[in-house]
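**Q** Take this sequence and fold it.
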Amino acid sequence: PSPRPGPHRDARLSPHTGVVPFVALLLLQRRPVAGRALLVTGSGCPGHGLCRSNVQEQTRRQVAVLNATAQELFSLYLKCQGEPFSSETDKLCNPAGIFFPAFRVNRTSERKEVMVAMYKLFAFLNASLGNITRDQEELNPMAKELLERLHNTTKTTRGLISNLTCLLCKNYNIFQVDVRYGDSSKGKSAFKKKQQGCQVLRKYVQVIGQAARVLLPHLSPS
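**A** Numbers count the residues shown, from 1 in each chain. Prediction:
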């Protein structure tokens, strides 16, 4: 069954600081929620100083890194969960029953549409990685390599969200994106926690390649 939706929260860019990834999204990381997507444009974006001069190249590198490391992260996750996940991966890690942001843009979509879709995708992923990391710290505290990869992926994802925030604000004056999040794994059994992480990471592997193919041409130097 699909996860039951909960209350939603706005992920807003502060008119003064422009730090949605490091305030609203980090607060949401520990308690993911669900809600309908909503976009608002207006005069709330800072006028200057939000973006670094190399923001597009930095964003390209971050997407490329996530794409290059996604399969390795998933494989290591499987290895650390043990049986039956290693032998019944297709059955237990099938992501069909979980919520994951729809990704309907392609290389011919408008750049603005692509950037918004990317923001929603990686904001969701950031929150999901928070759940998975918390659960693995509890269930597999000695899995140092896995925990390090989870932390590194989260760090890259947060940086990417920051850059997408900057580009949306600078180029399109979008300072609020309402992101839908999946269910928290708190209170679930150890098996269900492992399974939810497995499902999310498998879907991530499937989507990140598509995301890279769609986004990178839009970030190519003019």
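**Q** check which helix or strand covers the residue nearest the centre of the chain.
**A** Of all residues in the chain, the one closest to the mean position by CA atoms, centre = their mean is L125, 2.1 Å from it. Counting by DSSP states H and E, the element that carries L125 is helix 111-139.
**Q** Spit out the contact partners of N131.
**A** N131 sits next to P32, S184, S185, Q196, G197 when contact means CB atoms under 8 Å, 6 or more residues apart in numbering. The C-beta positions use only the backbone N, C-alpha and C, and glycine is treated the same way.
**Q** Can you tell me which of those has the most neighbours?
**A** The residue in those with the most neighbours, by other CB atoms under 10 Å, is G197 (26 neighbours).
**Q** the bottom helix or strand of the protein by mean pLDDT?
**A** Sorting the helices and strands of the chain by mean pLDDT, DSSP states H and E puts helix 24-29 at the bottom, at a mean of 35.
**Q** so what's the residue nearest to the centre of the chain up against?
**A** Contact partners of L125, counting by CB under 8 Å, 6+ apart, are T157, Y204.
**Q** And the pLDDT at R180?
**A** Predicted confidence (pLDDT) for R180: 85.
**Q** same check, this time on P32
**A** In this model, P32 is scored at 36, pLDDT.
**Q** Go through the contacts of N131 and name the one nearest F74.
**A** If you rank the contacts of N131 by distance to F74 using CB to CB, G197 comes first, at 9.8 Å.
**Q** my guess is that closest one is in a strand, correct?
**A** No. Per DSSP: H, G, I helix; E, B strand; the rest coil, G197 lies outside any strand segment and is helix.
**Q** for it, what are its contacts?
**A** Contacts of G197 by CB under 8 Å, 6+ apart are Y77, Q81, N131, I132, D135, Q136, S185.
**Q** how about the nearest residue to A64, chain neighbours excluded?
**A** Take A64 and drop its neighbours on the chain: the residue closest to it by CB to CB, 6 or more residues apart in numbering is A212, 6.6 Å away.
**Q** what helix or strand does the one you found sit in?
**A** In this assignment (DSSP H and E), A212 forms part of helix 190-218.
**Q** Can I get stretch 96-112 in PDB, CA atoms only?
**A** Provided in PDB are the C-alpha atoms of stretch 96-112 (Å, rounded to 0.1, in the frame of the first residue of the first chain):
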ATOM      1  CA  ALA A  96       7.000   0.200  -6.500                       C
ATOM      2  CA  GLY A  97       5.300   0.500  -3.100                       C
ATOM      3  CA  ILE A  98       7.100   3.600  -1.800                       C
ATOM      4  CA  PHE A  99       6.600   7.300  -2.600                       C
ATOM      5  CA  PHE A 100       9.400   8.800  -4.700                       C
ATOM      6  CA  PRO A 101       9.100  12.200  -6.500                       C
ATOM      7  CA  ALA A 102       7.800  11.900 -10.000                       C
ATOM      8  CA  PHE A 103      10.400  12.900 -12.500                       C
ATOM      9  CA  ARG A 104       8.700  13.700 -15.800                       C
ATOM     10  CA  VAL A 105      11.100  16.200 -17.300                       C
ATOM     11  CA  ASN A 106      13.400  15.300 -20.200                       C
ATOM     12  CA  ARG A 107      16.200  17.000 -22.200                       C
ATOM     13  CA  THR A 108      13.700  19.000 -24.200                       C
ATOM     14  CA  SER A 109      11.900  20.400 -21.200                       C
ATOM     15  CA  GLU A 110      12.300  24.100 -20.300                       C
ATOM     16  CA  ARG A 111      15.300  24.800 -18.100                       C
ATOM     17  CA  LYS A 112      13.100  26.200 -15.300                       C
END
